[in-house]
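Asker: Here's my sequence, what's the structure:
(chains A and B)
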Amino acid sequence: MAEEIHVPAFREYPIIPAIVEGSMAHSKPYVAKPDHQQSVGYPGQLVDDWQNAAVKKLGELVSQSRALQVFLDSCVKCGACTDKCHYYLGTQDPLNMPVARQDLLRAVYRRYYTFAGKYFPKLVGAKDFTEEVRDQWYSYFHQCSQCRRCSVFCPYGIDTAEISMAGRDVLDAIGVGQKYSNEIIGKVHKVGNNLGLPEPALADTLEGLEEDIEDDTGVPVKVPLDVEGAEILLITPSADFFAEPHIDGLIGYAKVFHQAGISWTLSSFASEAANFSMFIGSHDNLKKVAMRIRQAALDLGVKRIVVGECGHAWRVAYSFWNTLIGPFDFLDPKYPAPQHICEVTYDLIQRGALKLDKEANDHRRITFHDSCNVARASRMGNIPGGQFIIPREIIKACANHFFDMAPETIHQNTFCCGGGGGLLTDDLMELRVKGALPRMEALAKVVNEYDVNTLVAICAICKTQFAKVLPYYKFQMDMITSLHQVVGDAIQLGTSH
Amino acid sequence: MTYLATVSSLDCDEEGFLRDPTTWNVSVAEQLASLHGIDQLDGKQWALITSLRQYYFSYNHLPPPRRICRIHEMSNSCMSILFDNHGIEAWRIAGLPDPGEEVKSYM
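Answerer: As a prediction, this is how the structure comes out:
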C-alpha cells in the first residue's frame, strides 16, 4: 500500500494549494454489509424508494435541529473556510473545502425545502437527490473527520461536522452505511467494546498487564476489573487494552491510581469509551452505547466516573452524557461528573500526591498534539482553555524537554491527525496520509528546530493514525506516545510521598 | 493472479483470512506465508503463530500482540518486527478469521 500513495511534499510556506478537481472522487470507504446495517437499526441495503426516503429523512433532521437549519441557511460564501480543512490542504480537491462539502447537502435541502429551490433551482444552486449526488455524498462525507477546525474560522460558526453527520445519517437511513463505523457500533451493542473483546479475554489481558508492570517495576500495581464498591469507574477506549502505544497509557493510569491510593475498576459490561454513533449522527445509537456506562456505574456502585485518553469519547462524555444518560445524582458531588483522567492526574500533581522524577523522561523531547474533539468540543478543569493547559502542565511536571508546535496549528487551531470521525480504516489510507500533511509539517518544524522525538496525544484515534502515517512522512512510528506513558515513566512507585 | 488462485484454493475471504480456522495445518501455513513473501517461517515466527492459535481457541479473540511477545520473552513490538503490516500477517498465516474493523485499524 505504501508505494501506491503519493505522499504530498511539505510546503516551504503555508500557501493555499492549487485546486485539482475530482482528485479524491475515487475515495470511498467499504459499504456496510446487511448484518452490520441491521445491528445498528438501519436497512440492510439500498431501499427501493431511496430518493424519497432520503429527502424525508433530511427533512426530519432539519426540523429536529435548529442548528442544522441555521448552518444550511446562513452561509454567505465568504470563503473564510476554504483553506482551513486538512483534507483540502492535503488533497487539493475543491470538494474538500468545507463550504463545498456543506453545499453537497445544502443543494438538496434547498431543492426540497426552500421556496426558491422548489421553483427556481438553478438560480440558487439547488439539486435533485440523484444517484450521482448520492455517490458524491458517500465519498465526500467520508472525507470529513468532523474536526470542526473550519467552524473556528467561519464568521457564522457553521459547523461542517454537523452537516457531515447529517449526511451520513441520511445515507444510513436509506441503507448505504459505512462498514467501519457500523460494524464497530454493532460490536459495542453486542459485546461492550469496539474490539469485540469478550470478558475472559479482557480479564486475561489485564492480568497479563499486572504481571508486566510487576516484572518491570517490582511493584504489584493492580488493573482491576468489575470490582464492586470501587471509588472510580474508568471508562477508556478499548485500544488501551490492545494496541501500542495505547497500552502504556493504561499502565500510566494504573500507576497514578496506585500511588494516589485511589480504588478503581474497569467494567467488562462497559469496556469502551468510544462512541462511534456520534460519527454517523445517530442519536439513538449514541444513547444506547452511552447507557451501558450508566448501567455499569450503578451496578458497581462507584462514586466517580473517569474517562481515559479518547478524544471523541470525551466530547460525548463532557458535552452529551448529562442529557443522554444523566442525571449523575448517584455520584460524589465533590467531583466533576464525568472527569477526565488528565484532570485527575493534574489535581494529584497540584496536591503533591504523585512523586515524579522528570529525569526519567530525559530521553524524550516532547511536543503535544491537541486532539480536535478535546480542543474544540469540550473543556477540562475549571478555567477557560483548561483542555490546552492541563495536558501541557502534566507533561511539564513529568519531563524536562517540552516544545509546542506553531501557534496556528495548536490549541483551538489544531490540525486533525487525519484519521478522526470514523475514517480510521485502511480503505481510506490515501485520504489519511494526505490529510495528515498540515500536522506533519508542523511536527517537522519542531523536529528540525528542537530535535523533538516524541509526539504525545490523548486520543486513541490520533495515536493509531500517527502510528500508521508517521512512516509515510519519514518519521519513526514509535514517536507517538500516550500522555500517561510519560506520566507512568516519571512516577516513582514504592516511594513515600 | 497467483495470489488470487492460491487464496481461492485455500478458501480465504476477500481480505485474505482463512474462513475456517480448523482447516489450517502446517502446509496451509506455509502456503499462506509464501503469499506474504515469507519463503520459510523461522522458529520465532512459528512460536508466535502457534501461540496466536492457542489464544484464539481459548478466548475466541485476537490477543494483544504484546501479550504473545511477552510469553516468548520478546520485545513488545515483536509482531511488527517479525511480520509486516503491524503483525496482521501473522494472524492471516495462523489461519484465523477476520478479527474485525477495530482490530484491523491497529494492525
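Asker: Please list all residues in contact with the residue most central in space within chain A.
Answerer: For chain A, the residue nearest the mean C-alpha position is residue A:312 (3.7 Å; CA atoms, centre = their mean). By CB atoms under 8 Å, 6 or more residues apart in numbering or on different chains, the residues touching residue A:312 are A:274, A:275, A:278, A:279, A:373, A:420, A:421, A:459, A:461. Bear in mind the C-beta positions are built from the backbone N, C-alpha and C, glycine included.
Asker: Quick one: residues in contact with stretch B:11-29.
Answerer: The contact list for stretch B:11-29 (CB under 8 Å, 6+ apart) reads B:7, B:10, B:32, B:35, B:41, B:49, B:53, B:56-57, B:91-98.
Asker: Quickly note the distance from the closest residue to residue A:8 other than its chain neighbours to chain B.
Answerer: Leaving out its chain neighbours, the residue that sits closest to residue A:8 by CB to CB, 6 or more residues apart in numbering or on different chains is residue A:437, at 5.0 Å. As judged by CB to the nearest CB, to the nearest Å, residue A:437 and chain B stand 20 Å apart.
Asker: what about residue A:437, how many residues close to it?
Answerer: If you count neighbours by other CB atoms under 10 Å in any protein chain shown, residue A:437 ends up with 24.
Asker: ok, back up a step: ChimeraX command for the buried members of the contacts of stretch B:11-29?
Answerer: The ChimeraX selection below is limited to those of these classed as buried (16 or more other CB atoms under 10 Å in any protein chain shown):
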select /B:7,10,32,35,41,49,53,56,91,92,93,94,95,96,97,98
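Asker: among the contacts of stretch B:11-29, which are in helices?
Answerer: If you go by DSSP state H, those have B:7, B:10, B:32, B:35, B:49, B:53, B:56, B:57, B:91, B:92, B:93 in helices.
Asker: nearest to chain A, of those?
Answerer: When those are ranked by distance to chain A (CB to the nearest CB), residue B:56 comes first, at 9.8 Å.
Asker: which residues touch the closest one?
Answerer: Applying CB under 8 Å, 6+ apart to residue B:56 gives the contacts B:21, B:62, B:63, B:94, B:96.
Asker: and what of residue A:70?
Answerer: Residue A:70 sits next to A:156, A:158 when contact means CB under 8 Å, 6+ apart.
Asker: mind listing what the residue positioned nearest the centre of chain B touches?
Answerer: Nearest residue to the geometric centre of chain B (CA atoms, centre = their mean): residue B:91, 2.1 Å. Residue B:91 makes contact with B:17, B:52, B:62, B:99, B:107 under the criterion CB under 8 Å, 6+ apart.
Asker: Need phi/psi at the closest residue to the first one other than its chain neighbours.
Answerer: Meaning residue B:17. Spatial nearest neighbour of residue B:17, chain neighbours left out: residue B:98 (4.5 Å); criterion: CB to CB, 6+ apart. Main-chain dihedrals, residue B:98, degrees, to the nearest 10: phi -50, psi 120.
Asker: what does residue A:386 give?
Answerer: Phi and psi for residue A:386, reported as degrees, to the nearest 10, are phi -60, psi -30.
Asker: Quick check: the gap between it and chain B.
Answerer: 30 Å.
Asker: again with residue A:95
Answerer: From residue A:95 over to chain B the distance is 25 Å, taken as CB to the nearest CB.
Asker: okay but that residue is in contact with residue A:87, surely?
Answerer: No - counting by CB atoms under 8 Å, no contact exists between residue A:95 and residue A:87, whose distance comes to 9.5 Å.
Asker: where does chain B come near chain A, residue by residue?
Answerer: Contacts of chain B with chain A, taken as CB under 8 Å from any CB of the partner chain, map to B:59-61, B:63-67, B:70, B:76-77, B:86, B:100-106.
Asker: if we can go back for a sec, quick check: neighbours shared by residue A:95 and residue A:87?
Answerer: Residues touching both residue A:95 and residue A:87 (CB under 8 Å, 6+ apart) are A:24, A:143.
Asker: Those two: who's more crowded?
Answerer: The neighbour comparison of residue A:95 against residue A:87 (other CB under 10 Å) goes to residue A:87, with 30 against 21.
Asker: who's in contact with the more buried one?
Answerer: Each residue near residue A:87 by CB under 8 Å, 6+ apart is listed here: A:24, A:93, A:96, A:143, A:144, A:145, A:418, A:431, A:434, A:435.
Asker: which element follows the helix or strand containing it toward the C-terminus?
Answerer: Following DSSP states H and E, one finds residue A:87 within helix A:86-91. Helices and strands here follow DSSP H and E; after helix A:86-91, the next one along the chain is helix A:98-113.
Asker: May I see the buried residues of whichever helix or strand comes after that following helix?
Answerer: Moving toward the C-terminus from helix A:98-113, the next helix or strand (DSSP H and E) is helix A:115-119. Buried residues in helix A:115-119, counted by 16+ other CB under 10 Å: residue A:117.
Asker: before we move on, what about stretch A:79-97?
Answerer: So for stretch A:79-97, counting by 16+ other CB under 10 Å, buried means A:80-97.
Asker: for stretch B:64-84, same thing?
Answerer: Neighbour-count burial for stretch B:64-84, counted by 16+ other CB under 10 Å, picks out B:64-70, B:74, B:76-80, B:82-83.
Asker: Next: stretch A:484-493.
Answerer: Buried positions in stretch A:484-493, judged by neighbour count with 16+ other CB under 10 Å: A:484, A:485, A:486, A:487, A:488, A:489, A:490, A:491, A:493.
Asker: per-residue confidence for residue A:161?
Answerer: At residue A:161, the pLDDT value in this model is 98.
Asker: give me the element it is part of.
Answerer: Here residue A:161 is assigned to helix A:160-173, by DSSP H and E.
Asker: do the same with residue B:75
Answerer: Going by DSSP H and E, residue B:75 is not part of any helix or strand.
Asker: do the one 4 residues further on as well
Answerer: Assigning secondary structure by DSSP H and E places residue B:79 in helix B:78-82.
Asker: Leaving out chain neighbours, which residue sits closest to residue A:264?
Answerer: Using CB to CB, 6+ apart and skipping residues adjacent in sequence, the residue nearest residue A:264 is residue A:232, 4.0 Å away.
Asker: Tell me what that neighbour is bridged to.
Answerer: For residue A:232, the beta-bridge partners are residue A:264, residue A:304 (DSSP bridges).
Asker: confidence score at it?
Answerer: For residue A:232, the model assigns a pLDDT of 98.
Asker: Now for it: which residues touch it?
Answerer: A:257, A:262, A:263, A:264, A:265, A:302, A:303, A:304, A:305, A:306, A:344.
Asker: Grab the CA positions of stretch A:336-356 and hand them over as CSV.
Answerer: Provided in CSV are the C-alpha atoms of stretch A:336-356 (Å, rounded to 0.1, in the frame of the first residue of the first chain):
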residue,chain,number,x,y,z
PRO,A,336,-16.9,16.7,38.2
ALA,A,337,-19.2,14.0,36.5
PRO,A,338,-17.6,12.9,34.3
GLN,A,339,-14.0,13.6,35.0
HIS,A,340,-11.1,13.3,32.5
ILE,A,341,-8.1,11.2,33.5
CYS,A,342,-5.9,14.3,32.9
GLU,A,343,-8.0,16.3,35.4
VAL,A,344,-7.4,13.5,38.0
THR,A,345,-3.7,13.4,37.4
TYR,A,346,-3.3,17.2,37.3
ASP,A,347,-5.2,17.6,40.6
LEU,A,348,-3.0,15.0,42.2
ILE,A,349,0.1,16.7,40.9
GLN,A,350,-1.1,20.0,42.2
ARG,A,351,-1.7,18.4,45.7
GLY,A,352,1.8,16.8,45.7
ALA,A,353,0.2,13.4,45.8
LEU,A,354,2.4,12.0,43.0
LYS,A,355,6.2,11.6,43.3
LEU,A,356,7.6,12.3,39.9
